[in-house]
Every structure is written in C-alpha cells, then in structure tokens.
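J.: just coords:
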C-alpha cells in the first residue's frame, strides 16, 4: 500500500478557475481537471521563472515530486489547448499559506490567505492591502 501524498503548500488560490475555447457551447466540450497544486507549479516555474529547486522548496515537496506535478500540469494544459477542451482548476492535496496582511485604507492588520480577487479587509472590506513582515 503506497503512503498518502504529502500536503503541498500553495501561496494563493487561483483568481480564475475555468477556461474554455471561445464560441463552443459547454455541452459540446470535454473537461480536463487541473489541480490547484498543478496550477501553483505552473505559476512558480513558468510565470515567476523560479528553478525547480526553489519551486519545490516553496511547495514543501522534493524536486522529483515537483517535476512530476509540473509535467502533469503541462500535459493537461497542452491537451486542453490542442484538443479544444475546457480546463477546470479544482481540488488537490494542498494547504494555503497564511500571511500577515495590512489594509492600506484603514490600517487594520489580520492573518489570512491570498486571493487577489477575493481577499478583502475584514474591518472595512477594502480591497487595497499588502503582505507585511512582523519583526
């Protein structure tokens, strides 16, 4: 019996979770599922340009595991693009990183997760915030 997979660290939830080819009705599309940690691997390696070692460290996995996650994500994305399938980002085995955040409008500080579209100040509901480091 294989051991259960280690929980991967993810810095932020995806702002968008569904992508489909334009002009094709949903009823005619097949769906490909991309896990949140697969999207995180794409973000770290392909968007931010971090190397495998740094990316693996950020996700709290080994380099070979990071490589497998990344290869799986790239294969699914290529399959969706080439075959005209819809891509849904959902599920996975991950834990969101908690950050210290500060509202730039009212100055309130709180601990929370990051999603650029959904994270708001719990006091004034402002969307203008930043990560802070506590000394």
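T.: Noted; the coordinates are in hand. Being a predicted model, the structure only gives us computed values, none of them experimental.
J.: Give me the secondary structure label for residue 69.
T.: Under DSSP: H, G, I helix; E, B strand; the rest coil, the three-state class of residue 69 is helix.
J.: Quick check: nearest residue in space to residue 72, chain neighbours excluded?
T.: With Cβ to Cβ, 6 or more residues apart in numbering as the criterion, residue 72 has its nearest non-adjacent residue at 6.0 Å, and that residue is residue 38. All C-beta atoms are positioned from the backbone trio N, CA, C, and that covers glycine.
J.: contacting residues for that neighbour?
T.: 69, 70, 72, 73, 76, 92 (Cβ atoms under 8 Å, 6 or more residues apart in numbering).
J.: Okay, helices next: where are they in this protein?
T.: The residue ranges that make up the helices of the chain, judged by DSSP state H, are 36-42, 52-59, 63-83.
J.: so how far is the first one off the chain centroid?
T.: From the chain centre to the centre of helix 36-42 is a distance of 5 Å (Cα atoms, centre = their mean, to the nearest Å).
J.: now swap in the second one and tell me
T.: In this view, helix 52-59 has its centroid 14 Å away from the chain centroid, taken as Cα atoms, centre = their mean.
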